[in-house]
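> take a look and give me a structure for this.
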Amino acid sequence: MKYIAPAIFGFIGFIIIGGYFLLITFAFETILAKIIGGIIALAILISIIFVYIQRINEMKEEEKNDYSQY
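Down below sits the predicted model:
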């Protein structure tokens with residue numbers, strides 16, 4: 001149950017940044033601006049995925065630590 005909240009927030013962030021990426025690709029006229037904006041948006045999307053995976057691993061480690069105390 002506690003894994004749902006990070007998934008929801010990660011998904012929302014992913015959708016927002018993905019929408020921003022689409023906005024960049026259609027809004028700018030120059031190819032260079034599209035490429036730079038796309039690289040930045042892609043880097044943010046990758047970092048969202050990385051942080052989500054890291055948070056899930058931390059939550060699993062916390063469960064192991066909680067059981068070892070008793």
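> quick one, what contacts the spatially most central residue of the chain?
Centroid check for the chain by C-alpha atoms, centre = their mean gives residue 48 as the closest residue, at 1.7 Å. By C-beta atoms under 8 Å, 6 or more residues apart in numbering, residue 48 lies in contact with 10, 13, 14, 17. C-betas here are computed from N, CA, C, even on glycine.
> which strand or helix spans the second one?
So the one you mean is residue 13. Under the criterion of DSSP states H and E, residue 13 resides in helix 4-27.
> what sits against residue 44?
residue 17.
> ok, now with 10 Å
Going by C-beta atoms under 10 Å, 6 or more residues apart in numbering, residue 44 touches 13, 14, 16, 17, 18, 20, 21.
> quick one: neighbours of the last one, just the number.
Neighbour count of residue 21, defined by other C-beta atoms under 10 Å: 18.
> pLDDT on the longest helix seen in the chain, on average?
As assigned by DSSP state H, the longest helix anywhere in the chain is helix 31-68. Mean per-residue pLDDT for helix 31-68: 83.
> now the angle from it to helix 4-27?
When axes from the mean of the first three to the mean of the last three C-alpha atoms, to 10 degrees is applied, the directions of helix 31-68 and helix 4-27 differ by 180 degrees.
> and helix 31-68, what's buried?
34, 37, 41, 44, 45, 48, 52, 55 (16 or more other C-beta atoms under 10 Å).
> excluding residues flanking it in the chain, which one is nearest the fifth one?
Pointing back at residue 45 there. residue 17 (5.4 Å; C-beta to C-beta, 6 or more residues apart in numbering).
> among the contacts of residue 48, the buried ones, what's the PyMOL command?
Filtering the contacts of residue 48 down to the buried ones (16+ other C-beta under 10 Å) takes a single PyMOL command:
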select buried, resi 10+13+17
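> between the contacts of residue 48, which sits nearest residue 2?
Using C-beta to C-beta, residue 10 comes nearest to residue 2 of the contacts of residue 48, at 13.8 Å.
> check what pLDDT the closest one gets.
If you check residue 10, the pLDDT there is 82.
> check contacts around it.
Residue 10 makes contacts with 48, 49, 51, 52, 53, 55, 56, as judged by C-beta under 10 Å, 6+ apart.
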